[in-house]
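J.: Provide a 3D model corresponding to the input given below.
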Amino acid sequence: MSVTEDRQEDRTVHAGSDRGGVTAVIGGLGTNLIKLMCCNVAFVIFNIPAMAVAFLLTIYILPRMSASLMPETFVDTLISLGLHGQTNRSNDIAGQEAALSIYSLLIIFCVMLLVSSLLVSVGPVQAGFAKVYGCIARTGSESSVKVFLAGVKGSLKQSIPAMFISIAVTFICLLAVSFYLGFGLIPLAALFAVIPVVFSLMQSVAYRIMVTSDLKLFKIYKNALFMMLLRLFPSIGMALLNIVLLAVIPFALIMSSQIVSVGICFFLYLFILPSVTHYLNTAYADSLIGRYMSEEEENIDA
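T.: Take a look at the predicted model:
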């Protein structure tokens, strides 16, 4: 089967899908959990280069967000607050060592967030996963490896530029946030902080469009944005769900600095949270594609 035929088959499924499909997909999470966990492990492995880029972005931007987020200042602040770390049978962890550990966990959290939110990710890999998640959602019997490779191969021209665009947008927005925070312009800083949240969801929709159509990248992003605006409140709901799954839960766990909580956080990141989030975003993207691109595609693409 050619890439074009494969995409047409995908589009046919979406065009005839029930518009309540997102609820059905959420209900099927338990059934597909093992597959999603396998996808999650593969996602982490394939995105090691993206993690390196996210790490560089984090250590460059984080100290510019606030002087208190500079490593030395951060450590001194925690020590001044009386941080002594966890007590074990032999002795107390020194305050400086505990503070450095918390700062390291903060860096890890930022890297996890950037990668799992698709703001920094390997584009062709994510396109492949977007196709796999779509296959899982419709309980397809195809080989996940075959579907993944078809998604990668069929979207190279769009996914590679999308990867660099995402990194550039993320860097510019975070730099703008740090700049405006430095001048105390909170509203402008908040505006540029919202853009990556919206763009993160937009990336999920865009990657799904890549593997279900032959549109150019500009039209892919235009369609993704227009469809999200047409379903504004559901899109806000999905963005908030992404924040809870990818930011609030990991941050609450990893910043507790308790060994058990940190361990749970790493388990969720390595095996569950990114794939479940991307799976739900794919279901939402499919609902948008089925609702608008099948019926009003000429208007959207004009």
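J.: Low-confidence bits of this protein, can you list those?
T.: Low-confidence segments of the chain, defined by pLDDT under 70: 1-27, 78-96, 140-141, 257, 294-302.
J.: What residues does residue 197 make contact with?
T.: With contact taken as Cβ atoms under 8 Å, 6 or more residues apart in numbering, residue 197 is in contact with 239, 242, 243. (C-beta placed from N, C-alpha, C; glycine too.)
J.: repeat that with 6 Å
T.: residue 239 (Cβ atoms under 6 Å, 6 or more residues apart in numbering).
J.: Quickly find the element holding it.
T.: Element membership of residue 197, judged by DSSP states H and E, is helix 186-210.
J.: Show me what the helix or strand just after that helix is packed up against.
T.: Using DSSP H and E, the helix or strand that follows helix 186-210 in sequence is helix 217-230. When contacts are defined as 3 or more Cβ pairs under 6 Å, 6 or more residues apart in numbering; DSSP states H and E, helix 217-230 sits against helix 186-210, helix 297-301.
J.: taking those together, which one is wrapped up most tightly?
T.: Among those, helix 186-210 has the highest mean neighbour count (mean count of other Cβ atoms under 10 Å), at a mean of 20.
J.: now that one and helix 217-230, what's the angle there?
T.: Between the axis of helix 186-210 and that of helix 217-230 there is an angle of 120 degrees, by axes from the mean of the first three to the mean of the last three Cα atoms, to 10 degrees.
J.: Could you give the separation of helix 186-210 from the chain centroid?
T.: Put simply, helix 186-210 sits 10 Å off its chain's centre (Cα atoms, centre = their mean, to the nearest Å).
J.: neighbouring contacts of the helix or strand residue 269 falls within?
T.: With secondary structure defined by DSSP H and E, residue 269 is part of helix 259-271. By Cβ under 6 Å, 6+ apart, the surrounding residues in contact with helix 259-271 are 37, 40, 44, 112, 250, 253, 254.
J.: that older thread, which one of the helices and strands packed on helix 217-230 lies closest to residue 156?
T.: Ranking those by proximity to residue 156 (Cβ to Cβ) places helix 186-210 first, at 9.8 Å.
J.: Grab the nearest non-local neighbour of the one residue sitting closest to the centre of the chain.
T.: When the chain is reduced to its mean C-alpha position, the closest residue under Cα atoms, centre = their mean turns out to be residue 117, at 1.5 Å. Leaving aside its chain neighbours, residue 117 sits nearest to residue 200 (4.3 Å; criterion: Cβ to Cβ, 6 or more residues apart in numbering).
J.: mind checking how far the residue nearest to the centre of the chain is from residue 143?
T.: 28 Å (Cβ to Cβ, to the nearest Å).
J.: Appreciated, that's everything.
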